[in-house]
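Enquirer: Give me coordinates for this.
(one chain, ligands or ions: 1)
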Amino acid sequence: MNKGHLYVISGFSGAGKGTVVKSLIDRIPDVALSVSATTRTPRQGEYYGKHYYFLDKHVFEDMITKNELYEYAVYLDNYYGTPKKFVQEQLSEGFDVILEIEMQGALQVKQAEPDAILIFIIPPRVETLRRRLLNRNTETLDVIHKRLEKSSIEVDQMIHYNYIVENDKLEVCVEDIIAIMRAEKIKKADKQKIMNRFHQEFDNILKGE
Ligand code: 5GP
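Expert: Got it, this is the predicted structure:
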C-alpha cells in the first residue's frame, strides 16, 4: 500500500489555522489529524484528547527522553509536541496526516522528512490578526502582544514553506489547500508503476490483435 503524505500547517497565531484545519478534516476523507501534547493550560471548551493531550511538564519531558515525540518546541513558555506513534501508524496505513504545528516544529519535520509538504497560512493584514486575537477573548493583552511579537519574528522563516496560502475567506483558503493536496498526490504518483502497467496493457492488446 502507498505510504500516506504528511502535511504540516502553520501560521501566525490568530491566522485562523484551527478553523481551516477543522474544515479540511470535514471535507477530505482518509486524512488524519494528529492531536498534539502540550503543557499549556486548556482554554474554555478545550478537551483532553480532542484538542490536545494536556500534560504536566515532567510527563512531557519524560516523553522527550523516551523519544516518543516526532517533533517538539517551546512556544511562549510551554512545550508543544507531536506524539510519534499515531503519525507513523497512520502514514504506514496509507492515510494522509495533517500536523497543525508552529514553525520550529515544522522545520524539524522538514529535516526529518524532506517529502513533507509545508503550508503556511497568512491573514490578509497584520491588523486582521490583532483583531482576531482580541475577538477570541481567550488571552490577556500581554499574551496577545507576545503572540504578535513572536509572529513578527517568524516572517523570515516563511521562506522554508512549500506554499503560503492567504486566509481571507475561509472557503477560498480551504479550496486552495485541497487543490495543493490534489496536485501533490498527482505529483507523487509512482511513475515507474504507471509505466509498467501501460507496457503490460499495450503488450496484451498488441499481442491480441
Ligand atoms: P495554541 O496555544 O494557540 O493552541 O498553539 C500555539 C502554537 O503551537 C500554534 O502555532 C500551534 O500550531 C502550535 N502547536 C500546536 N501543537 C503543536 C505541536 O505538536 N508541535 C509544535 N511544534 N507546535 C504545535
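
Enquirer: From here on, just use CA atoms for contacts and neighbour counts.
Expert: Fine.

Enquirer: Run through the neighbouring helices and strands of the helix or strand containing residue 25.
Expert: Using DSSP states H and E, residue 25 sits within helix 17-27. For helix 17-27, the elements it packs on are strand 6-11, strand 31-33, strand 96-100, helix 170-187, judged by 3 or more C-alpha pairs under 8 Å, 6 or more residues apart in numbering; DSSP states H and E.

Enquirer: For the ligand, tell me whether that helix is touching it.
Expert: No - using C-alpha under 6 Å from any ligand atom, helix 17-27 stays clear of the ligand, with a minimum separation of 7.5 Å.

Enquirer: could we number from 31 for the rest of this?
Expert: Got it, the first residue is 31 from now on, which makes the last one we talked about helix 47-57.

Enquirer: Identify each buried residue in that helix, please.
Expert: For helix 47-57, the neighbour count (16 or more other C-alpha atoms under 10 Å) marks 47-48, 50-51, 54 as buried.

Enquirer: how far is it from where the chain is centred?
Expert: Chain-centre distance of helix 47-57: 11 Å, with C-alpha atoms, centre = their mean, to the nearest Å.

Enquirer: Which residues of the protein lie near the ligand?
Expert: Within the chain, the positions lying close to the ligand (C-alpha under 6 Å from any ligand atom) are 40, 43, 66-67, 102-103, 110-112, 130-132, 134-135.

Enquirer: again, only this time at 8 Å
Expert: Listed as neighbours of the ligand in the chain under the rule C-alpha under 8 Å from any ligand atom: 39-44, 47, 65-68, 70, 82, 101-105, 109-113, 129-136.

Enquirer: Go ahead and build a PyMOL selection from the buried members of the residues you listed.
Expert: Selection of buried members from those for PyMOL, criterion 16+ other C-alpha under 10 Å:
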select buried, resi 39+40+41+42+43+44+47+65+66+67+68+70+82+101+102+103+105+109+110+111+112+113+129+130+131+132+133+134+135+136
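
Enquirer: if you look at the residues of the chain next to the ligand, which of them are in helices?
Expert: Among the residues of the chain next to the ligand, the members found in helices (DSSP state H) are 47, 133-136.

Enquirer: quick one: which of those is nearest to the ligand?
Expert: Using C-alpha to the nearest ligand atom, the shortest approach to the ligand within those belongs to residue 135, at 3.6 Å.

Enquirer: Tell me how many other residues surround residue 200.
Expert: 15 (other C-alpha atoms under 10 Å).

Enquirer: one step back: what would the buried residues of helix 47-57 look like in JSON lines with pLDDT?
Expert: Listed next are the buried residues of helix 47-57 as JSON lines, based on pLDDT from 0 to 100:
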{"residue": "47", "pLDDT": "94"}
{"residue": "48", "pLDDT": "92"}
{"residue": "50", "pLDDT": "97"}
{"residue": "51", "pLDDT": "96"}
{"residue": "54", "pLDDT": "96"}
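
Enquirer: Looking at the helix or strand encompassing residue 184 now, give me its mean pLDDT.
Expert: According to DSSP H and E, residue 184 maps onto helix 171-184. Here helix 171-184 scores 93 as its mean pLDDT.
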